[in-house]
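Q: No sequence on hand, only this structure:
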Ligand SMILES: Nc1ncnc2c1ncn2[C@@H]1O[C@H](COP(=O)(O)OP(=O)(O)OP(=O)(O)O)[C@@H](O)[C@H]1O
Ligand SMILES: O=C(O)C1=C[C@@H](O)[C@@H](O)[C@H](O)C1
Ligand SMILES: [Mg+2]
């Protein structure tokens, strides 16, 4: 745990970062940021359009700039894009600037939750299950590398997930204060 007072949520698309993050922010009385949403607001277009015009690399450049900007703030909850941990610069910024929570759940659950969604370009493929399995294989070690805490957001009710994150954050904060005194 670091002194920076922030909570960041990481994990694959559809695990519930935005949903859970909003509730954590409300409980903390901190502002909530969703890096995907802020990118859309500042570019004036949606993520599928950014992918279509600039490719994944173009989107990742915008994402890196946004993570850098948002990790400069104190006292926020941030839901990050599912691929934000791919770049080492982002992992470093997240790890050093906040309490990082890795939300995970089964691929079946993610597929169920995202089946009507058209806003996730990486899932617009013949076989989204296989795509998610491939993404998980690459990303799970990176999510784990960044995370201070990992929790299953598929089996537990949202309320329990939020409560557990708040408890873990408080415990980490107290440990940090005790170590510093
Ligand atoms: N605990 C939960 N129980 C049931 N449904 C949930 C839960 N958390 C999220 N969902 C639903 O799953 C879908 C995906 O959730 P959400 O958008 O929060 O995921 P995300 O991790 O932010 O995804 P992305 O990385 O693509 O932005 C939404 O339709 C949301 O309502
Ligand atoms: O998993 C990913 O790489 C992505 C997840 C979303 O949050 C968006 O950031 C975008 O669709 C890419
Ligand atoms: Mg989201």
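A: Yep, that arrived. Note that the structure is predicted; figures quoted are calculated from it, not measured. Ligands and ions are numbered 1, 2, ... in the order given.

Q: and the closest residue to residue 68 other than its chain neighbours, which of the three is it?
A: Counting by Cβ to Cβ, 6 or more residues apart in numbering, residue 68 lies nearest to residue 93, which is 6.1 Å off, once chain neighbours are set aside. To be clear about C-beta, it is placed using only N, CA and C from the backbone, and glycine gets the same treatment. Here residue 93 is recorded as helix under DSSP: H, G, I helix; E, B strand; the rest coil.

Q: Now do the helices in the chain.
A: For the chain, the helices defined by DSSP state H cover 17-28, 35-43, 47-70, 88-97, 107-114, 128-146, 158-180.

Q: do you know which of the ones you listed lies nearest residue 121?
A: Closest to residue 121 of these is helix 47-70 (Cβ to Cβ; 4.3 Å).

Q: Show me the contact partners of the closest one.
A: Helix 47-70 has contacts (Cβ atoms under 8 Å, 6 or more residues apart in numbering) with 33, 35-36, 38-40, 42-43, 76, 78, 80-81, 83-84, 86-87, 89-90, 93-94, 118-122, 124.

Q: could I get the helices of the chain as CSV with distance to ligand 2?
A: Output for these, formatted as CSV (distance: least, Cβ to the nearest ligand atom, whole Å):
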stretch, distance to ligand 2
helix 17-28, 8
helix 35-43, 5
helix 47-70, 5
helix 88-97, 11
helix 107-114, 10
helix 128-146, 6
helix 158-180, 18
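
Q: Dump these to JSON lines, plus mean neighbour count, mean pLDDT and distance to residue 5.
A: As requested, those are exported to JSON lines (neighbours: other Cβ atoms under 10 Å; pLDDT from 0 to 100; distance: least, Cβ to Cβ, whole Å):
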{"stretch": "helix 17-28", "mean neighbour count": "19", "mean pLDDT": "97", "distance to residue 5": "9"}
{"stretch": "helix 35-43", "mean neighbour count": "17", "mean pLDDT": "97", "distance to residue 5": "18"}
{"stretch": "helix 47-70", "mean neighbour count": "16", "mean pLDDT": "97", "distance to residue 5": "14"}
{"stretch": "helix 88-97", "mean neighbour count": "17", "mean pLDDT": "97", "distance to residue 5": "10"}
{"stretch": "helix 107-114", "mean neighbour count": "16", "mean pLDDT": "91", "distance to residue 5": "30"}
{"stretch": "helix 128-146", "mean neighbour count": "15", "mean pLDDT": "95", "distance to residue 5": "18"}
{"stretch": "helix 158-180", "mean neighbour count": "14", "mean pLDDT": "92", "distance to residue 5": "8"}
